[in-house]
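Engineer: Pasted the sequence and its predicted model underneath.
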Amino acid sequence: MNYNFYYINFTNKKQSPIMKTRNKKGGFNLSTITINQKWCKTCGICIAFCPRHVFKMNENGYPYPARQEDCIGCRLCELRCPDFAVKVEEG
């Protein structure tokens, strides 16, 4: 099996199967949100359950952490995702 992982580069908006961003507040890494686009079915549950409204939909309908600095690491997006496409890791 081939387990190649690709990451989105938010500076030039290239699409990839996995989007990974890191939250930095005051110089401390708080959390990392990873979205596996191969598993995501674009249901929007992560967007609906996020209490801080961190996620937005991109032009292809996939969620991405648009306001990463507001993430509090509650993991509701990860826990509610029916496809296990969202992963939140503390820094």
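Structural biologist: It's in. Values in this document were obtained by computation on a predicted structure and should not be read as measured data.
Engineer: From here on, just use CA atoms for contacts and neighbour counts.
Structural biologist: Fine.
Engineer: For the closest residue to Cys40 other than its chain neighbours, which residues are in contact?
Structural biologist: Using C-alpha to C-alpha, 6 or more residues apart in numbering and skipping the chain neighbours, the partner closest in space to Cys40 is Ala85 (5.3 Å). By C-alpha atoms under 8 Å, 6 or more residues apart in numbering, the contact set of Ala85 is 34-40, 78.
Engineer: Quick check: pLDDT value at Ala85.
Structural biologist: pLDDT, Ala85: 96.
Engineer: Need phi/psi at it.
Structural biologist: In terms of degrees, to the nearest 10, the main-chain angles of Ala85 are phi -90, psi -10.
Engineer: May I ask which of the contacts of Ala85 has the most neighbours?
Structural biologist: Counting neighbours by other C-alpha atoms under 10 Å, Ile35 leads the contacts of Ala85 with 25 neighbours.
Engineer: That residue touches Asp83, doesn't it?
Structural biologist: No. Using C-alpha atoms under 8 Å, Ile35 is not in contact with Asp83; the gap is 10.7 Å.
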